[in-house]
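based on what follows, work out the 3D shape:
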Amino acid sequence: MSPKNDQEIMNEYLSNERTLLAWLRTGIGIMVFGFVAVKFSLFLQQLPVEYLAETVAPQTNFTIYLGIGLLITGALTILLSYLRYRHTIKLLKDGKYQYSTATLTFITMLLFVLSISLIAYLIIASNK
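A predicted model of the protein is given here:
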């Protein structure tokens, strides 16, 4: 295997930065969705009863907790992506980079659980 030239090394660092930026956008998107869930739930709780005469607003705070969970997940995504970025920089400098999906798997499973919770909540709320 031939030694890497400066252009190949620079491409690896820039690729790492693009990955960080993509994860930052993902984290922000998750947080926005959580914020909207919380604000919508609070909005429904503050509506006068006459506007909801034909519908029954859920009396639980589950949506608020789910939204807060999404906000925390978004913040964790941003933090973990930054830590992963720093770790990858260190490995690239040492020439020992090994691909790993641990962080990606963790965030994916967390979002999957939150998504299933939201789906279950919406199904239960629609049957009342």
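
please count neighbours and contacts with C-alpha atoms only from this point.
Fine.

for the helix or strand where Glu12 lies, which helices and strands make contact with it?
According to DSSP states H and E, Glu12 maps onto helix 6-46. Other helices and strands packing on helix 6-46, by 3 or more Cα pairs under 8 Å, 6 or more residues apart in numbering; DSSP states H and E, are helix 62-94.

coming back round to it: the helix holding Glu12: how far from the chain's middle?
Relative to its chain's centre, helix 6-46 lies at 7 Å (Cα atoms, centre = their mean, to the nearest Å).

state the mean pLDDT of it.
What helix 6-46 shows for mean pLDDT is 87.

check stretch 66-83 too.
91.

over to stretch 104-122?
The pLDDT scores in stretch 104-122 average 86.

what residues sit buried inside that stretch?
Across stretch 104-122, burial judged by 16 or more other Cα atoms under 10 Å covers Ile107, Leu111, Leu114, Leu118.

and those as JSON lines, adding distance to Ile28 and secondary structure?
JSON lines is the format used below for those (distance: Cα to Cα, whole Å; DSSP: H, G, I helix; E, B strand; the rest coil):
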{"residue": "Ile107", "distance to Ile28": "14", "secondary structure": "helix"}
{"residue": "Leu111", "distance to Ile28": "14", "secondary structure": "helix"}
{"residue": "Leu114", "distance to Ile28": "16", "secondary structure": "helix"}
{"residue": "Leu118", "distance to Ile28": "19", "secondary structure": "helix"}
